[in-house]
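S.K.: Here's my sequence, what's the structure:
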Amino acid sequence: MPQRTHTCGQLNESNTDHNVTLMGWVNAFRGHGSGLVFVDLRDRDGITQIVFDSDDAPTELVEAGDKLRNEDCIRVTGVVRARAKANPKIPTGAIEVLATELEVLSKTAKLPFVPSDESNLPAEETRLKHRYLDLRRPKMQEILRTRHRVTKVTRDYFDEQGFLEIETPMLCRSTPEGARDFLVPSRLQEGMWYALPQSPQLFKQILMIAGCDRYLQIVKCFRDEDPRFDRQAEFTQIDLELAFVDREEVMSIMEGFAKRLWKETMGIDLADFPRMTYQDALNDYGIDRPDTRYDLKLIDISDLAAKTDFGVFQGALEKPKGVVKAIRVPGKAADFSRKVTDAFTKFASDFGAGGIPTTKYVNGDFESGIGKFLGSIKDELIERLGLEDGDAVIFGADTYSIVTKALGELRQKIARDHGFIPEGAWNFLWVYDFPMFEHVEGEGDEPGRFHALHHPFTAPSDHELERFLSADPDNIDEIESIVSDGYDMICNGSEIGGGSIRIHRKDVQAKVFSLLGLSEEEAKLKFSFLLDALSYGAPPHGGIAFGLDRLVMHMCATDNIREVMAFPKTMTGQDLMCEAPNVVDDDQLHELHVKSTATTTV
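M.R.: Next up, the predicted model:
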């Protein structure tokens with residue numbers, strides 16, 4: 001029997017009367033008795049209907065066709081003919097193939113689930129254990145195709161922009177900043193360890209110092225963090241770095257990339273990306289990755305709240321950095337029952353808020369909730385919030401950080417639960433002017449310390465450089481006010497890319513390490529090769545990294561990162577298909593100079 005001549009998604013009426021050979025899996029079968037069997041044959045490209053008809057084929061061929069079952073792997077040769085009744089739901093729906101030969105390449109065992117039955121899929125654990133079946137689903141095949149197209153457009157675009165694709169090591173030095181490293185013992189260097197890279201950050205900066213000018217890598221990264229719906233310990237970055245650039249040039253090139261990507265993979269023309277400062281994002285949306293597909297802005301009403309005798313407002317305003325903010329929720333007065341608003345308070349408590357006061361604006365007055373406390377500021381509040389009849393209002397009253405965080409998260413929940421997110425909208429923007437540092441208070445006897453808001457290699461903005469170098473390390477407010485040259489690309493409330501202009505001066509890098517609590521000896525121990533490299537004529541440089549998995553999640557309209565990876569891990573970090581991680585024997589450990597201290601094994 002000949003090898004296949006077409007895929008199951010290629011045939012159309014122009015192939016009528018042609019002899020063809022198709023290969024694939026049985027997607028469905030229908031036996032009509034009286035010597036007539038229909039089989040839907042599926043491969044990566046689509047589905048073609050196969051007909052076994054005793055009027056045109058030997059009885060034994062029809063009987064063999066009648067024995068086929070879902071997911072049998074077969075090869076069929078036959079003649080293309082027009083279908084008596086076309087199926088407009090599939091591209092090949094105008095034709096069918098009258099079978100003349102059949103070879104069963106492989107029979108399937110009893111199936112744990114049927115890949116073609118999207119309405120009756122089992123729990124995710126079963127699908128991950130039998131991932132080879134799960135990936136046969138047309139939906140999953142389309143996700144893999146989308147991922148391929150994304151990487152192809154990426155390489156094409158950045159090649160045109162003069163980037164070189166350069167690989168960096170998977171086995172590197174442990175630099176314990178940020179998440180936990182995955183560690184790998186060295187067999188040849190007893191007692192020594194490699195780490196798997198959390199990102200190629202230091203290597204791509206070294207490449208800029210080495211004169212490579214523009215670097216690209218689609219690279220695996222590893223962070224020993226607990227998985228979430230949008231995070232895996234093993235993930236893929238589109239990693240980029242450029243020399244002799246400023247922030248404007250980097251953002252322009254990367255915005256062009258996003259526009260090209262959406263155009264070529266989805267046929268969507270994106271408008272120019274608005275820009276928003278970090279502080280404006282927190283003030284208006286309560287979060288540094290604002291979803292601007294809907295309004296629901298946080299409005300500061302602290303000055304108005306001070307005029308009321310509502311104890312919650314007054315107590316908040318007496319706190320250092322205390323504020324009162326409000327969100328107008330258009331037309332939802334009737335929907336916000338006591339049960340709903342109580343749920344708001346419970347939700348916000350996870351972010352430190354003690355309560356979420358609410359009220360409704362109906363028939364020209366504030367009804368329910370805290371409405372009775374708002375009479376003295378009624379007209380001013382209506383004007384500032386732009387209230388209309390039937391609106392609801394929610395309030396946050398506490399320190400600035402608690403209010404913005406709690407209302408920012410609650411804003412998103414309200415949008416999801418109450419229909420404020422428009423379908424099919426793509427809202428991109430840049431968030432920039434991040435603070436370089438944030439100060440985290442110590443616990444118990446431990447002193448507080450500064451953390452880098454992006455990472456410790458992010459440069460201060462040009463206009464902040466001298467202020468940074470002369471800043472008093474003991475002046476927390478001054479250090480926290482220094483603005484970096486960092487920038488994030490946001491899509492529909494998700495950070496899909498983050499980057500910065502990097503530090504290219506050794507004295508600047510040394511002060512950053514000092515502010516982060518690293519002594520000169522510790523900095524040399526952890527980052528000696530970078531500090532050495534900065535001594536040899538390092539060029540100004542900057543870059544960005546896009547989360548490839550998150551890009552594909554957006555394009556495929558899924559909120560589960562495991563759907564866009566071929567072989568993901570579970571929420572407990574397990575690969576159920578190949579049963580990893582697994583126990584290794586003592587001989588292997590001995591050869592690596594390692595001994596297990598685990599008291600139990602799975």
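
S.K.: buried stuff in the host helix or strand of Phe347?
M.R.: Using DSSP states H and E, Phe347 sits in helix 338-349. For helix 338-349, burial by neighbour count (16 or more other CB atoms under 10 Å) applies to Thr341, Phe344, Thr345, Phe347, Ala348. For glycine as for every other residue, the C-beta is placed from the backbone atoms N, C-alpha and C.

S.K.: cool, and stretch 251-268?
M.R.: Buried residues in stretch 251-268 (16+ other CB under 10 Å): Met251, Ile253, Met254, Glu255, Phe257, Ala258, Lys259, Arg260, Leu261, Trp262, Thr265.

S.K.: Nearest to Asp288 among these?
M.R.: Nearest to Asp288 among the buried residues of stretch 251-268: Met251, at 16.2 Å, using CB to CB.

S.K.: Check whether that closest one sits in a helix, strand or coil.
M.R.: State at Met251, reduced to three classes by DSSP: H, G, I helix; E, B strand; the rest coil: helix.

S.K.: Contact partners for it?
M.R.: When the contact criterion is CB atoms under 8 Å, 6 or more residues apart in numbering, the partners of Met251 are Trp430, Tyr432, Tyr487.

S.K.: Need the contact partners of the helix or strand harbouring Ile414.
M.R.: Ile414 is part of helix 400-417 when elements are defined by DSSP H and E. Applying CB under 8 Å, 6+ apart, the external contacts of helix 400-417 come out as 282-283, 285-287, 291, 293-294, 296, 298, 316, 321-325, 327, 329, 344, 347-348, 351-353, 356, 394, 396-398, 420-421, 493.

S.K.: which stretches of the stretch 451-600 of the chain form helices?
M.R.: Secondary structure of the stretch 451-600 of the chain (DSSP state H, counting those that start in this stretch): helices at 465-470, 476-480, 506-515, 520-533, 548-555, 586-591.

S.K.: winner for burial among the ones you listed?
M.R.: Comparing these by mean neighbour count (mean count of other CB atoms under 10 Å), helix 548-555 comes out on top with a mean of 22.

S.K.: hmm, back to that, between the helices of the stretch 451-600 of the chain, which one is nearest to Leu216?
M.R.: Nearest of the helices of the stretch 451-600 of the chain to Leu216, taken as CB to CB: helix 548-555 at 12.3 Å.

S.K.: mind saving the C-alpha coords of the closest one as CSV?
M.R.: Presented in CSV, the C-alpha positions along helix 548-555 are these (Å, rounded to 0.1, in the frame of the first residue of the first chain):
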residue,chain,number,x,y,z
LEU,A,548,6.4,32.7,25.6
ASP,A,549,4.0,30.5,27.5
ARG,A,550,1.9,33.6,28.6
LEU,A,551,1.9,35.0,25.1
VAL,A,552,0.4,31.7,23.8
MET,A,553,-2.0,31.6,26.7
HIS,A,554,-3.4,35.0,25.6
MET,A,555,-3.6,34.0,21.9
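
S.K.: Mind giving me the packing neighbours of that helix?
M.R.: Here helix 548-555 touches helix 138-160, strand 234-243, helix 247-266, strand 494-501, going by 3 or more CB pairs under 8 Å, 6 or more residues apart in numbering; DSSP states H and E.

S.K.: Tell me where this protein is predicted with low confidence.
M.R.: Judged by pLDDT under 70, the chain has its weakly predicted residues at 1, 176-178, 444-445, 600-602.

S.K.: how about a cut-off of 80?
M.R.: Applying pLDDT under 80 to the chain picks out residues 1-2, 32-34, 175-178, 227, 442-447, 599-602.

S.K.: ok, the helix or strand where Thr21 lies: who's next to it in the sheet?
M.R.: Using DSSP H and E, Thr21 sits in strand 19-31. In the sheet, strand 19-31 lines up against strand 36-43 (antiparallel), strand 73-82 (antiparallel) (DSSP bridges).

S.K.: Run the angle between the first one and helix 138-160 for me.
M.R.: The directions of strand 36-43 and helix 138-160 differ by 30 degrees, with axes from the mean of the first three to the mean of the last three CA atoms, to 10 degrees as the criterion.
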